[in-house]
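In: With the input below, show me the fold.
(one chain, ligands or ions: 1)
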Amino acid sequence: MELEKDMSEFVIYGNPASPYYRAVALALEEKGQSYRNERVQGEEHLKVQPFGRIPGLRHGDYTLYETQAILRYLDALYPTPALQPKEPQAIGRMNQLIGINDCYLFPQVARIIVFQRIVGPTLMGLKTDEAACAGAVPDAKRCLGEINRLLGNRKFLAGDQLTLADLMIAPQLYYIAMTPEGSEILKGTALTDWLGRMNERASMRATLPPEQFRKVA
Ligand SMILES: N[C@@H](CCC(=O)N[C@@H](CS)C(=O)NCC(=O)O)C(=O)O
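Out: Purely as a prediction, here's the structure:
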């Protein structure tokens, strides 16, 4: 079925290399909606996202930031294909995984290891702080181990349906799996197979980060 295109333009603000940016782009891809990117700096950035984070969204004259809020907005706007389950336990699992992503996986793992190994060297010419990476390994083991446990033998993180949890965690895992720490922890896990399946999706292929972010520096 041809998805109905919205007439108002979607603008995603920020650097497309950001995994949170990619989660929003993924949702729009899955919903069959087109969008464009706008880069903002300084005061202009703070007008879009007062906390200086990425991304922000503009849809016509409506603006929104906080990735979860954006994803839930898009899912409410375009109910098909649904990106949130209806079954209570699957809803609970999806929200739990989103919480793990926002409270532990990004701040304790990706923001350290991915920054040190990929973002800092690529974007700012920084040298990797090996001690910082090593210090984040216990948190990485706990986070990835727990997400892997919750995935179990399911097709998607919250069950047999693609949900917002998959869209938020896949862009983080895409980078984490590239780092030596992440690839060691993820080796042979069901989570690696899940990431492989996610990477095959048209939406993931359409939202690959810029070339220089696709490898460890
Ligand atoms: N709670 C925010 C978090 C977004 C976030 O932290 N984005 C990262 C990019 S992936 C960022 O802006 N990082 C800059 C920083 O950490 O200072 C959301 O859900 O949108």
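In: How many residues are close by A23?
Out: The number of residues packed near A23 is 25, by other CB atoms under 10 Å. Bear in mind the C-beta positions are built from the backbone N, C-alpha and C, glycine included.
In: For it, which three-state class applies?
Out: helix (DSSP: H, G, I helix; E, B strand; the rest coil).
In: likewise N37?
Out: N37 is classified as strand under three-state DSSP.
In: residue contacts, it?
Out: 11-14, 16 (CB atoms under 8 Å, 6 or more residues apart in numbering).
In: Repeat that for Q49.
Out: Contacts of Q49 by CB under 8 Å, 6+ apart are 13-14, 55-56, 65.
In: what do you get if the cut-off is 6 Å, keeping everything else the same?
Out: For Q49, the contact set (CB atoms under 6 Å, 6 or more residues apart in numbering) comprises 56, 65.
In: can you check F213 too?
Out: So F213 contacts 17, 122 (CB under 6 Å, 6+ apart).
In: hang on, the earlier thing: please flag which of the contacts of N37 sit within strands.
Out: Among those, the members found in strands (DSSP state E) are 11-13.
In: Close to the ligand: what parts of this protein are there?
Out: Residues of the chain lying near the ligand by CB under 6 Å from any ligand atom: 18-20, 53-54, 66-68, 111.
In: Can you flag the buried ones in these?
Out: 18-20, 54, 66-68 (16 or more other CB atoms under 10 Å).
In: any idea which of those residues is closest to E130?
Out: P19 (22.6 Å; CB to CB).
In: where's the nearest residue in space to that closest one that is not next to it in sequence, which helix or strand?
Out: Distance criterion CB to CB, 6 or more residues apart in numbering; nearest residue to P19, sequence neighbours excluded, is P171 at 3.5 Å. Using DSSP states H and E, P171 sits in helix 164-176.
In: What average pLDDT does that helix get?
Out: Averaging pLDDT along helix 164-176 yields 99.
In: one step back: pipe the ones in strands among the contacts of N37 into CSV and attach distance to P79 per row.
Out: Shown next, in CSV, are the ones in strands among the contacts of N37 (distance: CB to CB, whole Å):
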residue, distance to P79
V11, 22
I12, 21
Y13, 25
